[in-house]
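1. Return atomic coordinates for the entry below.
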Amino acid sequence: MAVCCYIPLSVKMSPSALLGFSCVLTKQYSSRHLLKSLTDVCRRGYSVEAQQTAEESGARPAGFRGPLDHYTGLIRDGSLREDEHQKAVMQTLDQLHKTLRGYSNTQMSFFSKFLPKPKAPKGYYIYGDVGTGKTMVMDMFYSYVETEKKKRVHFHGFMLDVHKRIHRLKQSMPKRKAGKMAKSYDPIAPIAEEISEEACLLCFDEFQVTDIADAMILKQLFENLFLNGVVVVATSNRPPEDLYKNGLQRVNFVPFIAVLQNYCQTLRLDSGIDYRRMNKPSAGKVYFLSSEPDGEATLDKMFDELAFKQNDITRPRVLNVNNRKVRLNKACGTIADCTFEELCDRPVGASDYLEISRLFDTVFIRRIPLLTLNKKSQARRLITLVDALYDHKVRVVILADHPLDDIFVHHGEHGHDESHILMDDLGLKRDEASSLSIFSGEEEMFAFQRTVSRLTEMQTEEYWLEGDRSAKSQV
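-> The predicted model follows:
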């Protein structure tokens with residue numbers, strides 16, 4: 001069984017990066033079972049005080065000259081198993097790290113405005129299958145870039161922030177006078193300039209486009225970011241030409257792909273190994289089937305054991321998200337006990353899940369049903385929920401009707417009443433519309449591979465220990 005390596009507290013990586021370090025270990029354990037139950041995990045006094053994501057810090061570990069030196073050092077001491085695909089990408093990113101030394105996209109002095117503007121180096125778009133270490137290499141690169149003007153963010157979170165800025169800017173505009181036509185106003189360029197002033201390097205994890213509102217503004221947004229000298233490094237499971245594949249009005253999105261490829265070189269990281277699914281010490285049983293006897297009672301007991309350590313009472317919680325009220329029926333301190341219906345079968349989205357991830361370190365998700373084509377919306381919400389929980393190292397306990405690999409199927413229940421209504425509203429013929437991802441479920445099937453991979457890692461001992469915020473809150 002693989003053993004968790006020691007990572008110096010000075011290494012400040014995202015959950016995905018920490019995953020990459022631990023999942024390719026070559027050292028072996030004795031057969032002693034490390035953790036017999038979830039209660040054992042909860043009773044250990046592990047602190048995550050030093051755990052910070054790459055979004056919050058650019059501090060560099062001591063003793064290494066750059067990301068490639070760091071990567072080869074971890075291989076040399078046996079913490080990582082050598083992966084030629086990862087190494088090739090890391091060599092390229094190491095060169096970009098050197099190129100970015102002293103780079104700035106803003107004028108540093110009065111005299112600099114009279115000098116030619118420095119040309120921004122090209123960024124990189126890294127794609128490949130799930131669990132191959134894309135985020136790990138990007139975060140290692142990010143931690144060594146020597147500038148404070150950098151941001152590392154999940155692409156979902158970035159686009160939510162963009163839409164918030166657009167709304168804020170529109171709200172600040174003068175009100176239209178009665179009887180007069182409002183002047184058309186395009187907020188994208190000012191928003192891009194605003195972001196450019198905050199960062200000359202943007203690192204995006206999980207670059208994916210599923211929302212038509214995002215798809216329609218990406219070309220103009222990124223064209224302005226690039227023109228303002230912003231360098232972009234991104235990870236994705238899809239090559240650029242497959243972004244927003246079969247999406248609604250994709251013809252209007254396609255020009256963005258050319259812009260992306262013009263400013264970012266494409267790198268493929270695909271070793272064929274999902275390191276998240278390699279054998280690792282388990283956190284005890286945290287995934288239960290509804291068919292198991294006393295499944296609900298077991299989750300009740302686990303919740304009570306965790307809640308007992310909280311300085312709170314078990315009660316409903318109402319979250320305030322963008323001036324909306326989101327009610328959770330049962331929570332205690334940093335523990336939320338939810339049903340699938342609460343989290344994924346009502347109109348909630350990424351901003352709600354990000355708030356849940358901020359407030360809670362453990363989330364119970366009960367009664368996950370079989371997700372067929374008739375439940376694409378619910379499946380998409382579950383994918384987005386798991387992305388948010390994973391990115392913030394939130395622990396999960398799950399009660400589902402089916403094993404993890406069998407939750408989402410591409411057949412069964414072909415009523416599609418809601419899909420037919422939407423097709424009619426859009427004036428689309430059903431034969432023509434069936435290939436669009438919004439109706440076919442293709443995007444959900446593709447993205448769910450990532451969800452299964454992440455939920456597999458979220459059941460490991462290391463993930464649970466990293467996600468314990470209780471010790472940190474007591475400091």
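2. tell me the pLDDT at the residue nearest to residue 277 when sequence neighbours are not counted?
-> Excluding the flanking residues, the one nearest residue 277 by C-beta to C-beta, 6 or more residues apart in numbering is residue 456, at 5.2 Å. The way it works is simple: take the backbone N, C-alpha and C, and place the C-beta from them, glycine included. In the predicted model, residue 456 carries a pLDDT score of 94.
3. just residue 220 next, same as before
-> Reported pLDDT for residue 220: 97.
4. now it, what's its secondary structure?
-> Secondary structure assignment for residue 220 (DSSP: H, G, I helix; E, B strand; the rest coil): helix.
5. wait, doesn't it sit right on residue 191?
-> No - distance between residue 220 and residue 191: 9.8 Å, which falls outside the contact criterion (C-beta atoms under 8 Å).
6. between those two, which one's more packed in?
-> For residue 220 versus residue 191, the count of surrounding residues by other C-beta atoms under 10 Å is larger for residue 191: 23 against 17.
7. Which helix or strand contains the more buried one?
-> Counting by DSSP states H and E, the secondary-structure element that holds residue 191 is helix 188-198.
8. Let me know the next secondary structure element after that helix.
-> Helices and strands here follow DSSP H and E; after helix 188-198, the next one along the chain is strand 201-205.
9. just checking, what packs against that next one?
-> Strand 201-205 sits against helix 134-144, strand 150-154, helix 155-172, strand 231-236, with contacts defined as 3 or more C-beta pairs under 8 Å, 6 or more residues apart in numbering; DSSP states H and E.
10. confidence score at the spatially closest residue to residue 92 that is not a sequence neighbour?
-> In space, not counting the residues next to it along the chain, residue 92 is nearest to residue 267; the distance is 6.3 Å by C-beta to C-beta, 6+ apart. Residue-level confidence at residue 267 comes out at 98, pLDDT.
11. So residue 267 lies in a strand, does it not?
-> Yes - using three-state DSSP, the assignment for residue 267 is a strand.
12. Now do the SS call for the residue nearest to residue 277.
-> helix.
13. what's residue 397 sitting at in phi/psi?
-> Residue 397 adopts backbone torsions of phi -120, psi 130, taken as degrees, to the nearest 10.
14. now it, which residues is it bridged with?
-> residue 364 (DSSP bridges).
15. Following the chain past the least confident helix or strand in the chain by mean pLDDT, name the next helix or strand.
-> Every helix and strand of the chain was ranked by mean pLDDT, DSSP states H and E. The lowest is helix 38-43, at a mean of 36. Counting by DSSP H and E, the element after helix 38-43 in chain order, helix or strand, is helix 67-76.
16. which other helices and strands contact that next one?
-> Other elements packing on helix 67-76 under the criterion 3+ C-beta pairs under 8 Å, 6+ apart are helix 84-99, helix 134-144.
17. could these be laid out in JSON lines, adding mean pLDDT and distance to residue 279?
-> Putting the helices and strands packed on helix 67-76 into JSON lines (pLDDT from 0 to 100; distance: least, C-beta to C-beta, whole Å) gives the following:
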{"stretch": "helix 84-99", "mean pLDDT": "97", "distance to residue 279": "20"}
{"stretch": "helix 134-144", "mean pLDDT": "95", "distance to residue 279": "19"}
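18. Buried deepest among the ones you listed, which one?
-> The highest mean neighbour count among the helices and strands packed on helix 67-76, using mean count of other C-beta atoms under 10 Å, belongs to helix 134-144: a mean of 27.
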